[in-house]
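*Asks:* Predicted model, plus sequence, below.
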Amino acid sequence: MIVRTVCIGNPSGLHARLASLFCARARQYHCQIVVRAGRQYIPARNILDMMAANIRQGQCITIHCDGDDETVALADLEAFLKSLTE
């Protein structure tokens, strides 16, 4: 298992469209991916749970990846979140 913390820089946070894109990326990988936002642990493939987490600008989330392609998955998801702009 590998874990990395990423802070959300997008002014609108992880709103519906971006959450959908994040979940679609997470679905490309076979490893288990869980996002920790505050006290919540959210399956990264679940769009409704990701939107319900209400992740805002400046909030730091932790991505947990566990499985065969965990390194590639984590690098891709981290790069995606860091590249977000409106």
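*Replies:* Received it, and whenever you're ready, just let me know what you need.
*Asks:* Now do the same contact list for the residue lying farthest from the centre of the chain.
*Replies:* Most distant from the centre of the chain: D68, at 18.1 Å, with distances by CA atoms, centre = their mean. For D68, the contact set (CB atoms under 8 Å, 6 or more residues apart in numbering) comprises H30, C31. Where you see a C-beta, it was placed from the backbone N, CA and C, and this is true even at glycine.
*Asks:* Might one say that I2 is in contact with V72?
*Replies:* No. With contact defined as CB atoms under 8 Å, I2 does not count as touching V72 (10.7 Å).
*Asks:* Flag the shaky bits of this structure, pLDDT-wise.
*Replies:* The chain contains residues with pLDDT under 70 at 86.
*Asks:* mind redoing it with 80?
*Replies:* Residue ranges of the chain with pLDDT under 80: 85-86.
*Asks:* where exactly do the helices run in it?
*Replies:* 16-26, 47-52, 70-82 (DSSP state H).
*Asks:* hang on, the earlier thing: any figure for the gap between the residue farthest from the centre of the chain and Q32?
*Replies:* As judged by CB to CB, to the nearest Å, D68 and Q32 stand 10 Å apart.
*Asks:* which one is R56 nearest to, not counting chain neighbours?
*Replies:* Nearest residue to R56, sequence neighbours excluded (CB to CB, 6 or more residues apart in numbering): G13, at 4.0 Å.
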